[in-house]
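Chemist: Take a look and give me a structure for this.
(chains A and B, ligands or ions: 1)
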Amino acid sequence: MTDLEDLYREIILDHYRSPRNSGELETPPAHRAEGFNPLCGDEIVVYLLVADDGTIADIKIGGQGCSISQSSASMMSAAVKGKTVAQVRDLMKSFKGLMSIAADGAELAEPSPSEIRELGDLAALRGVVKFPTRIKCATLSWNTLDQALAELDA
Amino acid sequence: MTKAPDFAALKKDFPILHTERNGRPLVFLDSAASSQRPTQVLDAMDWMYNHAYANVHRGVYGLAEAATNAYESARLKVARFIGSPDSSEVIFTKNATEALNLVARSWGGANLGDGDAIVLTTMEHHANIVPWQMMAAERGFEIRWIPLGENGQLDLTDLDVLLDGAKMLSVTSMSNVLGTITPLDRLISAAHAAGAKVCIDACQSVPHMRTRVDEMGADFVAFSGHKMLGPTGIGVLWGRHELLEEMPPFLGGGGMISNVTTEGFMPDAVPSKFEAGTPPIVEAVGLGAAIDYLEAIGMDHIRQHEIELTSYALRTLSERLGQAITIHGLSEPAQRGGVMSITLDGVHAHDVSQVLDGYAVAVRPGHHCAKPLMRELGVNATARASFYLYNDTSDVDVLADALIEAHRFFAT
Ligand SMILES: Cc1ncc(COP(=O)(O)O)c(C=O)c1O
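Modeler: As a prediction, the model looks like this:
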């Protein structure tokens, strides 16, 4: 597999071409957060609806961006729906871990089977780490979700 | 015009253009962001560090005098290159951004307050927007905007209304996104008729076409060395002597004073007044060498070469990519610089640039520090290819091949 094919895996292109959970939610009750990638002008809007029991009842994604930021947002939305806020924070931690390990230039070990299961489609984004400028694209939606979650606590 | 040089032969002066990326020869199409530099520039800088280096304007020993002479003769070269009869009108800065901040803070600080207005265009680089916005936030003056019209040109319908009562028009000479050459004659005379001063962000034009500040009629002109074969860390602000005289200093420190006591300081004369601290000495000498190189080729030949290349690129890309490509801006090569912003149908600029990198083609994706313009164009990001004297038609051919591949990869 070439680096490019590794970066743009089929599953990524699929999420890019048919993004899951795209749209808007009414605010309130949903929370809205906006994230920018100052490098390229990409913009992600996350709408987050949390149920009384602390699970993510619904999530919608708006904005525009490249295949990496759009597919990452789409995969994220699918991954967090129905999870508790605590579970989402765990997932965010392992995803950011996946992205930042290689930001230090270290070779990335193959993720363990349990990690792969946990990350699901998101694991396909690990090819991004070979292209350091694209890591910001992949983490944009997660940082925006992080802001939305912070608003919940506020 | 003197005889046109052999542009193909110039490439040997740029070692980096003979390197490979991803196993392919580098195709460098990002000179609008920063150009490459020839060995002549590097050698001049090297020579100074090895043979003639000391701090300037201080020591009385021979070496310090030699360094001061080298630094000051770079100033003379810049003055001659841009047609300034008085070299004290040339102020060395870190880059164009600093030069524009100098104008906004020093001239703006002395002249703009509550109830005043300035005029910018939505085509500006952030470097010619944010310094004014920062001052406006402090001083409470109004910023008015000349909007974008058809074909990537400014809409000057309301020019006189916008300029009415304004104290400054600060405008680009060439868009770093669209390559549009702005109608400076008309803008400058309208601004002066309205009593406004004019500041030109000439970052994209000075490297590529003849510049004559004595004919242009502007009050300030800013540009960067690194976009014109010079090193990073050096920029130029040219300003009218009488304006520079009246303006307060920008940064304070050594080199910019004539006297300091515990009670206060007296600023030095121009240009020293605006050159606080140890200046970019060797960078100035490098810029001087870059000017020598450009003058040996001739700015009119460089402009002609880029018009021909732009014309070839517009034709080739439209023919080979058809409906799949949008090239923003003017379609007439003589009215634009060698900068083209591209969108590929169904492919984001970031992804375009990534695939192009696989072909060792260096273009820039993004908003190009011109977000207000991108908003008017209705796009988030473009991929920008830009040419300089060392590019040729084979670079355009590789660009076309790579764009076709990017389109095939994503859009089918
Ligand atoms: C039109 C224009 N203005 C200003 C700048 C800022 O130049 P610098 O970053 O060298 O200060 C640039 C370059 O990026 C530019 O293209």
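Chemist: And residue 46, which helix or strand is it part of?
Modeler: Since no chain was named, I'll use chain A. Following DSSP states H and E, one finds A:V46 within strand A:42-50.
Chemist: wrong chain, I was asking about chain B
Modeler: Short version, using DSSP H and E: B:D46 is in helix B:39-51.
Chemist: Return the list of helices and strands in contact with that helix.
Modeler: Contact here means 3 or more Cβ pairs under 8 Å, 6 or more residues apart in numbering or on different chains; DSSP states H and E; on that basis helix B:39-51 packs against helix B:281-297. To be clear about C-beta, it is placed using only N, CA and C from the backbone, and glycine gets the same treatment.
Chemist: Now the helix it packs on: buried residues?
Modeler: B:281-291, B:293-294, B:297 (16 or more other Cβ atoms under 10 Å in any protein chain shown).
Chemist: Burial check on the residue of the stretch 151-300 of chain B found nearest chain A, number of neighbours?
Modeler: For the stretch 151-300 of chain B, the residue closest to chain A is B:V177, as judged by Cβ to the nearest Cβ, at 11.6 Å. Burial of B:V177 is recorded as 27 neighbouring residues (other Cβ atoms under 10 Å in any protein chain shown).
Chemist: With distance to the ligand and pLDDT added, can I get the buried residues of helix B:281-297 in CSV?
Modeler: Below are these laid out as CSV (distance: Cβ to the nearest ligand atom, whole Å; pLDDT from 0 to 100):
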residue, distance to the ligand, pLDDT
B:I281, 18, 98
B:V282, 18, 98
B:E283, 12, 98
B:A284, 15, 98
B:V285, 18, 98
B:G286, 14, 98
B:L287, 12, 98
B:G288, 18, 98
B:A289, 18, 98
B:A290, 14, 98
B:I291, 17, 98
B:Y293, 19, 98
B:L294, 17, 98
B:I297, 22, 97
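Chemist: gap between B:R105 and the ligand?
Modeler: 15 Å (Cβ to the nearest ligand atom, to the nearest Å).
Chemist: before we move on, what about B:G179?
Modeler: 11 Å.
Chemist: now do B:T310
Modeler: For B:T310, the distance to the ligand - Cβ to the nearest ligand atom - is 17 Å.
Chemist: okay, now the spatially closest residue to that residue that is not a sequence neighbour: neighbour count?
Modeler: Once flanking residues are discounted, B:T310 sits nearest to B:P333: 4.3 Å by Cβ to Cβ, 6 or more residues apart in numbering or on different chains. Neighbours of B:P333 under the rule other Cβ under 10 Å: 19.
Chemist: residue contacts, B:P333?
Modeler: B:307-308, B:310-311, B:314 (Cβ atoms under 8 Å, 6 or more residues apart in numbering or on different chains).
Chemist: List only buried entries from these.
Modeler: B:307-308, B:310, B:314.
Chemist: Kindly reformat these as TSV containing pLDDT.
Modeler: Shown next, in TSV, are the buried ones among the contacts of B:P333 (pLDDT from 0 to 100):
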residue	pLDDT
B:I307	97
B:E308	97
B:T310	97
B:L314	96
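Chemist: ok, B:N101 touching B:Q133?
Modeler: No - counting by Cβ atoms under 8 Å, B:Q133 is not a contact partner of B:N101; they are 11.6 Å apart.
Chemist: Compare those two and say which is more crowded by neighbours.
Modeler: Using other Cβ under 10 Å as the criterion, B:N101 and B:Q133 rank with B:N101 on top: 24 against 13.
Chemist: show me the contacts for the spatially most central residue of chain B.
Modeler: For chain B, the residue sitting closest to the mean C-alpha position, by Cα atoms, centre = their mean, is B:C203 at 1.3 Å. Counting by Cβ under 8 Å, 6+ apart, B:C203 touches B:96, B:125, B:127, B:172, B:176, B:222-224, B:227.
Chemist: switch to 6 Å and redo it
Modeler: B:C203 sits next to B:96, B:223-224 when contact means Cβ atoms under 6 Å, 6 or more residues apart in numbering or on different chains.
Chemist: one step back: give me every residue that touches the residue of the stretch 151-300 of chain B closest to chain A.
Modeler: B:V177 sits next to B:341, B:368, B:370, B:373 when contact means Cβ under 6 Å, 6+ apart.
Chemist: What sits closest to the second one if chain neighbours are left out?
Modeler: Of all residues beyond its chain neighbours, the one nearest B:H368 is B:V177 (4.8 Å), with distances taken as Cβ to Cβ, 6+ apart.
Chemist: Which strands or helices does the helix or strand containing A:S74 pack on?
Modeler: Following DSSP H and E, one finds A:S74 within helix A:67-80. If you count contacts as 3 or more Cβ pairs under 6 Å, 6 or more residues apart in numbering or on different chains; DSSP states H and E, helix A:67-80 packs onto helix A:10-17, strand A:56-64, helix A:132-153.
Chemist: follow-up on the earlier one: which one of the buried ones among the contacts of B:P333 is nearest to the ligand?
Modeler: Ranked by distance to the ligand (Cβ to the nearest ligand atom), those are led by B:T310 at 16.8 Å.
Chemist: can you list contacts of the helix or strand where that closest one lies?
Modeler: Taking DSSP H and E as the criterion, the element that holds B:T310 is helix B:299-321. Identification of contacts with helix B:299-321 by Cβ under 6 Å, 6+ apart yields B:1, B:4, B:7, B:208-210, B:325, B:333-334, B:338, B:387, B:389, B:393, B:396, B:400, B:403.
Chemist: Which ones among those residues map onto helices?
Modeler: Among these, the members falling in helices (DSSP state H) are B:7, B:393, B:396, B:400, B:403.
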